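1. my questions concern the predicted model and sequence given below.
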Amino acid sequence: MEKIASFTVDHNKLKRGIYVSRKDKVGAETLTSFDIRTKLPNQEPAMDIPAMHTMEHLGATFLRNHKTWAERTIYFGPMGCRTGFYLIFQGDLNSTDIVDVTKEMFDFMASYEGEVPGTNKIECGNYMSHDLPMARWEAERYRREILENISEENLNYPE
């Protein structure tokens, strides 16, 4: 059985950042999957599920309403390991191409006030599992510590 490419990344060397996880051809189109790594794998606690769930709702809402990226957004959702998110855009893209929109998204999450979109019993399969204050804290930490001064080591998988 062939190994999945993302399982070949040395998570002991992986930093928090924005990485191209894979590129897939769908007909003539290219879809680029990004690893939005918000936690150091195996070195710090994973994100709390309710906070991560809220970040998923806020991130998806932000991207699907973005003036430039809405039409190119395919997916935004949590990693099973709870150390980040997957983001899929239409197009043959690099990490540097999405730094600005990622900053905007995490700014949106960090400053969000009010009712979180899609969090009632009709709209969400686990509507009681949300935590806006912790989601805001996680988003602000990532924005401040990584996105404000992002560097090459946060944009390319380790060798």
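-> Cool, the structure landed.
2. low pLDDT regions in the chain?
-> 3-6 (pLDDT under 70).
3. where do the helices sit along it?
-> Assigned by DSSP state H, the helices in the chain fall at 49-64, 99-111, 132-145.
4. out of those, which is the most enclosed?
-> Compared across the helices of the chain, helix 49-64 shows the largest average neighbour count, a mean of 21 (mean count of other CB atoms under 10 Å). C-beta here means a position set from N, CA and C on the backbone, and glycine is covered the same way.
5. wait, Met134 touches Ile49, no?
-> No. With contact defined as CB atoms under 8 Å, Met134 does not reach Ile49; the gap is 10.1 Å.
6. picking up where we left off before, how about the helices of the chain, which one is nearest Asn12?
-> Closest to Asn12 of the helices of the chain is helix 132-145 (CB to CB; 19.7 Å).
7. find the centremost residue of the chain, please.
-> Phe85 (3.4 Å; CA atoms, centre = their mean).
8. quick check: the gap between the residue lying closest to it once chain neighbours are set aside and Thr102.
-> For Phe85, ignoring the flanking residues on the chain, the nearest one in space by CB to CB, 6 or more residues apart in numbering is Ile36 at 4.4 Å. Counting by CB to CB, to the nearest Å, the gap from Ile36 to Thr102 is 7 Å.
9. with Leu31 instead?
-> To Thr102, Leu31 is 17 Å away according to CB to CB.
10. what do Met134 and Ile49 both touch?
-> Common contact partners of Met134 and Ile49 (CB atoms under 8 Å, 6 or more residues apart in numbering): none.
11. isn't Met79 up against Glu56?
-> No. Between Met79 and Glu56 there is no contact under CB under 8 Å: 10.6 Å.
12. so what's in contact with those two at the same time?
-> Residues touching both Met79 and Glu56 by CB under 8 Å, 6+ apart: Phe85.
13. which ones are touching Lys39?
-> Here Lys39 is in contact with 16, 45-47, 82-84 (CB under 8 Å, 6+ apart).
14. tell me the one of the residues you listed nearest His66?
-> Nearest to His66 among the contacts of Lys39, with distances taken as CB to CB, is Gly84, at 19.7 Å.
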